[in-house]
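Undergrad: Need the 3D shape of this:
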Amino acid sequence: TRENKTLLSVGSSTITLWDVIKKTKVFTFRGPFTVITSLHVLVDGKMVAVTGDTTKIHMLSLISNQVEDTLEFHDYIVRSAVFNSDDSLVVSGGDDKLVKVSCPKSKLNLYSLKRHKAPIQTILL
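TA: Reported below is the predicted structural model:
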């Protein structure tokens, strides 16, 4: 994460937080998915946006090891989600072939980009 004291590793359906100074596992999170498709650490370093084989973006707290919130902007599986530099926008894409730009605070989709002919695998900002 941002302070270089911890790191995240992703298995097919688990996320593990490691303390790299102590060289120990802090926790392993098993979410509501069988496959994790993307992971994005938010600016504060305390939350992670996780996508998998669901229609939701799961907001995982690295403090509590709990899903604190879910964002749902798609009707099909979300494969990738990233936040902009101040976490005020989330851009996501997946099996509906749409790139959606949304506001995580209001949980409103601002607009969609609709020209992909295949499911979207990865979004980068």
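Undergrad: tell me which element the residue of the chain most remote from its centre falls in.
TA: Relative to the mean C-alpha coordinate of the chain, counting by Cα atoms, centre = their mean, the farthest residue is Lys22 (26.3 Å). Assigned by DSSP states H and E, Lys22 falls within no helix or strand.
Undergrad: do you know how far it is from Lys5?
TA: 9 Å (Cβ to Cβ, to the nearest Å). C-betas here are computed from N, CA, C, even on glycine.
Undergrad: Ok, Leu113 next?
TA: Taking Cβ to Cβ, one finds Leu113 at 37 Å from Lys5.
Undergrad: for Ser92, same thing?
TA: From Ser92 to Lys5 the distance is 29 Å (Cβ to Cβ).
Undergrad: the more surrounded of those two?
TA: Taking other Cβ atoms under 10 Å, Ser92 and Lys5 do not tie; Ser92 has more neighbours (29 against 12).
Undergrad: Name all residues that make contact with that one.
TA: Counting by Cβ atoms under 8 Å, 6 or more residues apart in numbering, Ser92 makes contact with Thr51, Ile57, Phe73, His74, Val78, Ser80, Ala81, Val82, Val99, Lys100, Ser102, Ile123.
Undergrad: Leaving out chain neighbours, which residue sits closest to it?
TA: Among residues not flanking Ser92 along the chain, Ala81 sits closest, at 4.1 Å (Cβ to Cβ, 6 or more residues apart in numbering).
Undergrad: just checking, that neighbour touches Asp87?
TA: No. With contacts counted by Cβ atoms under 8 Å, Ala81 stays clear of Asp87, the gap being 11.8 Å.
Undergrad: More neighbours: which of the two?
TA: Applying other Cβ under 10 Å to Ala81 and Asp87 shows that Ala81 carries more neighbours, namely 28 against 15.
Undergrad: wait, doesn't His74 sit right on Lys100?
TA: Yes. Taking Cβ under 8 Å as the definition, His74 is a contact partner of Lys100 at 6.6 Å.
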